[in-house]
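In: just to be clear, the model below is a prediction. Sequence and coordinates:
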Amino acid sequence: MSISISDLVTVRSRHPEAIAEAAARRVRRPLIGDSGRLMIVAADHPARGALAVGGHKLAMANRGDLLERLCVALSRPGVDGVLATADILEDLLLLGALDGKVVMGSMNRGGLAGASFELDDRFTGHRPQDIERLRFDAGKLLLRIDYEDAGSLTTMVTTARAIDDMAERRLPVFVEPFISRRTGGKVVNDLSAEAVTKSIAIASGLAGTSAYTWLKVPVTDDADEMAAVMETSTLPAVLLGGDVGKSPQDQEDAYEKWRKALGLPTVQGLVVGRSLLYPAEGSVETAVDTAVGLL
């Protein structure tokens with residue numbers, strides 16, 4: 001039996017076991033469905049303190065509003081599942097929104113946005129045993145490599161062991177690699193073709209096996225360079241959305257870049273969050289349906 005968002009606190013405080021019960025009875029599905037493509041809505045940003053969307057610094061801070069937007073997105077045809085941290089996935093479990101959906105647990109959120117230790121991105125989220133225990137379908141981790149920050153090496157080694165651990169359980173893990181650097185004290189991801197190519201090569205070679213590894217990659221600054229970039233690896237990949245900008249034109253430009261890259265042989269789908277849940281123009285329904293139409 002599902003509940004409403006206003007009931008969540010009562011259930012959590014009086015019946016915490018309801019989360020495990022909801023996970024046990026959740027109806028599962030294959031990672032890749034009949035469409036042969038993958039459309040995942042991402043909502044794991046709040047746990048890093050990354051709450052901004054466009055020009056709104058705390059856009060994702062209202063949990064009830066975020067859950068409403070996620071439930072709308074998950075109800076749209078063509079949406080395969082959701083990526084989030086434990087708190088959000090467990091709310092969605094209690095709301096009955098995850099039946100028949102792909103559920104991806106976010107694994108490392110320790111690299112808080114703006115922190116001095118941001119690139120030492122420790123695994124503070126789902127562990128492989130949590131994903132297995134809750135009958136979730138996959139994990140996702142973020143790997144940002146700054147050649148001048150030793151914290152990146154710690155993250156890279158821990159990432160490799162997490163991939164090993166997931167593979168031992170035959171659970172897919174989506175690795176989101178970037179070459180990054182600090183500019184004016186802020187971590188910036190390099191989206192040049194050379195940097196994205198290097199990040200894919202590094203991520204593909206991590207761990208004792210790549211059998212269950214997927215890549216989650218950005219579209220390069222010049223979308224026309226993505227074809228050569230994606231030839232770096234044979235691992236299946238999905239495109240990430242990110243914060244696409246503040247204006248409707250920014251959103252249209254992002255759609256066009258995704259459209260071009262989705263035609264490449266190794267690209268299997270999209271993992272997009274903020275730009276669909278908080279679109280610069282129009283409703284969540286319209287934004288999600290437009291993204292699904294690109295697949």
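Out: Sure thing, it's come through.
In: only C-alpha atoms from now on, for both contacts and neighbour counts.
Out: OK.
In: hang on, isn't residue 96 packed against residue 2?
Out: Yes. The pair residue 96 / residue 2 is scored as a contact, 4.9 Å apart, by CA atoms under 8 Å.
In: who has more neighbours, these two?
Out: Legend: neighbour count by other CA atoms under 10 Å for residue 96 and residue 2, higher for residue 96 (17 against 12).
In: quick one, phi/psi of that one?
Out: Taking degrees, to the nearest 10, you get phi 70, psi 30 for the backbone angles of residue 96.
In: that one and residue 222: what is the separation?
Out: 41 Å (CA to CA, to the nearest Å).
In: output stretch 199-218 in CSV with nothing but the alpha carbons.
Out: Output of stretch 199-218 as CSV, limited to C-alpha atoms (Å, rounded to 0.1, in the frame of the first residue of the first chain):
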residue,chain,number,x,y,z
SER,A,199,38.4,10.5,-18.8
ILE,A,200,36.7,7.7,-20.7
ALA,A,201,40.0,5.9,-21.3
ILE,A,202,40.9,6.1,-17.6
ALA,A,203,37.4,5.1,-16.3
SER,A,204,37.2,2.2,-18.8
GLY,A,205,40.4,0.7,-17.5
LEU,A,206,39.5,0.7,-13.8
ALA,A,207,39.1,-2.4,-11.6
GLY,A,208,39.7,-6.1,-12.2
THR,A,209,36.8,-6.4,-14.7
SER,A,210,34.8,-4.0,-16.8
ALA,A,211,32.0,-6.6,-17.4
TYR,A,212,29.4,-4.6,-15.4
THR,A,213,30.7,-1.1,-16.0
TRP,A,214,28.8,1.5,-17.9
LEU,A,215,29.9,5.1,-18.6
LYS,A,216,28.0,8.2,-17.9
VAL,A,217,29.5,10.9,-20.0
PRO,A,218,28.9,14.6,-20.9
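In: now do it: everything it contacts.
Out: With CA atoms under 8 Å, 6 or more residues apart in numbering as the test, stretch 199-218 has contacts from 145, 159-161, 163-164, 166-167, 170-179, 191, 196, 232-233, 235-241, 271.
In: ditto for stretch 147-154
Out: The contact list for stretch 147-154 (CA under 8 Å, 6+ apart) reads 117, 119, 120, 121, 143, 144, 145, 146, 181.
In: using CSV, write out every CA atom in it.
Out: Output of stretch 147-154 as CSV, limited to C-alpha atoms (Å, rounded to 0.1, in the frame of the first residue of the first chain):
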residue,chain,number,x,y,z
TYR,A,147,46.1,16.0,-11.9
GLU,A,148,47.1,18.6,-9.2
ASP,A,149,44.8,17.3,-6.4
ALA,A,150,45.9,14.2,-4.5
GLY,A,151,42.3,13.6,-3.4
SER,A,152,41.6,12.4,-6.9
LEU,A,153,43.9,9.4,-6.5
THR,A,154,42.0,8.3,-3.4
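In: thinking again about what came up before, PyMOL command for the buried members of the contacts of stretch 199-218?
Out: To isolate the buried ones among these in PyMOL, judged by 16 or more other CA atoms under 10 Å, type:
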select buried, resi 145+159+160+163+164+166+167+171+172+173+174+175+176+177+178+179+191+196+232+233+235+236+237+238+239+240+241+271
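In: let's see which of the contacts of stretch 199-218 end up in helices.
Out: Filtering the contacts of stretch 199-218 for membership in helices, criterion DSSP state H, returns 159, 160, 161, 163, 164, 166, 167, 196.
In: show me where the chain has helices.
Out: Taking DSSP H, the helices of the chain run over residues 8-14, 17-25, 63-75, 86-94, 128-133, 151-168, 193-204, 226-229, 248-261, 274-277, 284-294.
In: mean pLDDT lowest where, among these?
Out: Among these, helix 248-261 has the lowest mean pLDDT, at a mean of 88.
In: buried stuff in that one?
Out: Residues of helix 248-261 classed as buried: 251, 254, 255, 257, 258, 259, 261 (neighbour count, 16+ other CA under 10 Å).
In: find the nearest non-adjacent residue to the fourth one, please.
Out: Put plainly, it is residue 257. residue 223 (5.8 Å; CA to CA, 6 or more residues apart in numbering).
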